[in-house]
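Chemist: Here is a sequence together with a model predicted from it:
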Amino acid sequence: MVLALKDHFVWDSWYIRDGDTWHGYYLKAPRSLGDPELRHLNASIGHATSTDLVNWDQQGHTFGPAEGPAWDDYTTWTGSVVRGDDDLWHLYYTGTSHAEDALYQRVGHATSTDLHNWTRVGDGLALDLKGENAHHYEADHLVGFWHDRAMRDPWVMKDPDGDGWLMYFTARKADVAEPNAGGCIGFATSPDGYDWTLQPPVFVGGYGQLEVPQVFQKDGHWFCLFCTAAEHFSKERAETTQTGPTTGNHYLIGDSPRGPWQLAPEFLDGALPPARYAARIVDTDDGLMILGFADRPGGGDFVGHVMDPEPVRVTDDGLLELVPQRMAAE
């Protein structure tokens, strides 16, 4: 009973719980495109609900590009949803424009009272790579060095150590000589969820990109989940990874949501050819569960649906691991 659409590719997803109901949001694009690589520039955001993360009721289209010209009139990509201090639901999302050929990514903001109908806050733009800390990032597209100006996949959470809000996002560090060593987890702060200040990255290195970050705490430990691909391993990371480069879901371990962060010793969930990607870990009544989209498991064609959840646990050493299916069934 995977989260799937017959006529659409489904990939990156994110989740929020309201009472007994889980709301799942996901990127979708028509399968009629043929080539699944075309999905990225034809994406909109869908919405489904579930009480068990297995059986889903589709709610249909929930958000998409603005009418142009606008900073987000081309694509609306991966984000996160939180309930704000104002009791509204807040969607933070990635946007790109036709004017920039979708090469510059920025973070947008919309609100809702019902978790389905969203209204942009102003023109929607919440954060760009500007301000006194912009020099820490690749604030311009370095044509021929990297394929875009990365600033996407915002993950927003309440600051557990204060009254404000924290945002993490996929970005790249400035002035790193090797392209595949410059990926970073970007960071921003806000007193109210509306006005954001760009901060220096909280983690840099090892990969060309650390996509779809998710920061959470469990059993007294802080984790930052992310995904990356075998072709984005730095030279050093590839040489020091015992199993060699792989594609999938990895994570950082931190002392607090502000770090310092260090790379976990082993991939949580990787495979070649790629199986599950862009995963999220949700905390349910039955413990932690991981959900991500089926990429090309077994080396076949792109699948494009969100796989059923599988259990994850925190070990005695403070690491994350998938629970073996045998143990999960007991």
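Modeler: Cool, the structure landed.

Chemist: Thought Lys235 was touching Asn180, still the case?
Modeler: Yes - contact criterion C-beta atoms under 8 Å: Asn180 and Lys235 qualify, at 7.2 Å. For the C-beta atoms, the positions are set from N, CA and C on the backbone; glycine is no exception.

Chemist: Mind checking which of those two has more residues around it?
Modeler: A count of neighbours by other C-beta atoms under 10 Å puts Asn180 above the other of Asn180 and Lys235, at 22 against 10.

Chemist: Now do the same contact list for the residue nearest the centre of the chain.
Modeler: Centroid check for the chain by C-alpha atoms, centre = their mean gives Val212 as the closest residue, at 2.2 Å. Applying C-beta atoms under 8 Å, 6 or more residues apart in numbering to Val212 gives the contacts 12, 78, 153, 155, 170, 225-227, 278-280.

Chemist: Mind picking the one among the residues you listed that's closest to His250?
Modeler: For the contacts of Val212, the minimum distance to His250 (C-beta to C-beta) is 6.0 Å, reached by Phe226.

Chemist: Provide the contact partners of the helix or strand hosting that closest one at residue level.
Modeler: Phe226 belongs to strand 221-228 when assigned by DSSP states H and E. If you take C-beta under 8 Å, 6+ apart as the criterion, strand 221-228 is touched by 168, 170, 183, 185, 203, 207-217, 247-257, 261, 268, 277-281, 292, 314, 318, 320.

Chemist: Selection in ChimeraX covering whichever of these are buried, please.
Modeler: In ChimeraX, this line selects whichever of these come out buried by 16 or more other C-beta atoms under 10 Å:
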select :168,170,183,185,203,207,208,209,210,211,212,213,214,215,216,247,248,249,250,251,252,253,254,257,261,268,277,278,279,280,281,292,314,320
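
Chemist: Please tell me how far Glu236 sits from Gly248.
Modeler: 19 Å (C-beta to C-beta, to the nearest Å).

Chemist: With Trp11 instead?
Modeler: Note on Trp11: its distance to Gly248, by C-beta to C-beta, is 14 Å.

Chemist: One more: Asn55?
Modeler: For Asn55, the distance to Gly248 - C-beta to C-beta - is 26 Å.

Chemist: By mean pLDDT, which helix or strand of this structure comes out lowest?
Modeler: Here the helix or strand of the chain ranked lowest by mean pLDDT, DSSP states H and E is helix 325-329, holding a mean of 54.

Chemist: how about the helices in the chain?
Modeler: Here the chain has its helices, by DSSP state H, at 235-240, 325-329.

Chemist: Skipping its backbone neighbours, what lies nearest Thr51 in space?
Modeler: Nearest non-adjacent residue to Thr51, counting by C-beta to C-beta, 6 or more residues apart in numbering: Asp20, 5.6 Å away.

Chemist: So for the one you found, what's the pLDDT?
Modeler: pLDDT recorded at Asp20 is 97.

Chemist: Phi and psi next, for it.
Modeler: phi -90, psi 0 (degrees, to the nearest 10).

Chemist: Could you measure from it over to His135?
Modeler: 47 Å.

Chemist: These two - which one has more neighbours?
Modeler: Between Asp20 and His135, His135 has the larger neighbour count (other C-beta under 10 Å), namely 11 against 8.

Chemist: In this structure the more buried one contacts Ala174, no?
Modeler: Yes - under the criterion of C-beta under 8 Å, His135 makes contact with Ala174 at 6.3 Å.

Chemist: How about the contacts made by Gly270?
Modeler: Contacts of Gly270 were listed using C-beta under 8 Å, 6+ apart, and they are 243, 246-250.

Chemist: Closest one to Asp86 out of the residues you listed, please.
Modeler: Using C-beta to C-beta, Asn249 comes nearest to Asp86 of these, at 32.9 Å.

Chemist: Name whatever forms a beta bridge with that closest one.
Modeler: Per DSSP bridges, the residues bridged to Asn249 are Cys227, Asp269.

Chemist: doesn't Ala279 make contact with it?
Modeler: Yes - between Asn249 and Ala279 there is a contact at 4.3 Å, judged by C-beta under 8 Å.

Chemist: Show me what the spatially closest residue to Gln209 that is not a sequence neighbour bridges to in the sheet.
Modeler: Nearest residue to Gln209 in three dimensions, chain neighbours excluded: Gly183, at 4.4 Å (C-beta to C-beta, 6+ apart). On the basis of DSSP bridges, Gly183 is bridged to Arg172.

Chemist: Right, I'll leave it there.
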